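*Asks:* Task: produce atomic coordinates for the following.
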Amino acid sequence: QVQLVESGGGLVQAGGSLRLSCTASGPTLSNHAVGWFRQAPGTEREFVAAVSWSGGSTSYADSVKGRFTISRDNSKNTAYLQINSLKPEDTATYYCAASIYLSVTTDINDYTDWGQGTSVTVSS
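*Replies:* The predicted structure is shown next:
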């Protein structure tokens, strides 16, 4: 089981940027695709972005395309989510997760190991 810890969340104004990090301990993260999901109060957890085990393939939710960038550094056992041009509707707790697959997947059911989340609040 991969233990994941997210960091980098915070309170920002609309239009601002943050970089979220997801650091793994235990088994190497390079054996897994990594996804970022988010959940706003009273809503279902939703897919945001995913990156394959090598970093060579990525996928994004339509709502974040062009504003969010997912990446990873396997030498640091860490994945990242660069979030730019933040909007109030991006306010949520952001979670990273390790997939059972090496390749990109957007299905939340393919992710079995989850971090505790980091909160992002965007003020208008």
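*Asks:* With just CA atoms, put whichever strand or helix holds residue 6 into CSV.
*Replies:* Element membership for residue 6 (DSSP states H and E) is strand 3-7. Output of strand 3-7 as CSV, limited to C-alpha atoms (Å, rounded to 0.1, in the frame of the first residue of the first chain):
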residue,chain,number,x,y,z
GLN,A,3,1.0,6.2,1.7
LEU,A,4,0.3,9.5,0.2
VAL,A,5,0.6,13.0,1.7
GLU,A,6,-0.7,16.1,-0.1
SER,A,7,0.5,19.6,0.6
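*Asks:* who does the helix or strand that comes right after it touch, helix- and strand-wise?
*Replies:* Downstream of strand 3-7, the first helix or strand assigned by DSSP H and E is strand 10-13. The helices and strands touching strand 10-13, judged by 3 or more CB pairs under 8 Å, 6 or more residues apart in numbering; DSSP states H and E, are strand 118-123. Glycine gets a C-beta too; all of them are placed from N, C-alpha and C.
*Asks:* buried ones in the strand it packs on?
*Replies:* 118, 120, 122 (16 or more other CB atoms under 10 Å).
*Asks:* Can you tell me which of these is nearest residue 112?
*Replies:* Distance to residue 112, by CB to CB, is smallest for residue 118 among those, at 19.6 Å.
*Asks:* Thanks a lot, catch you later.
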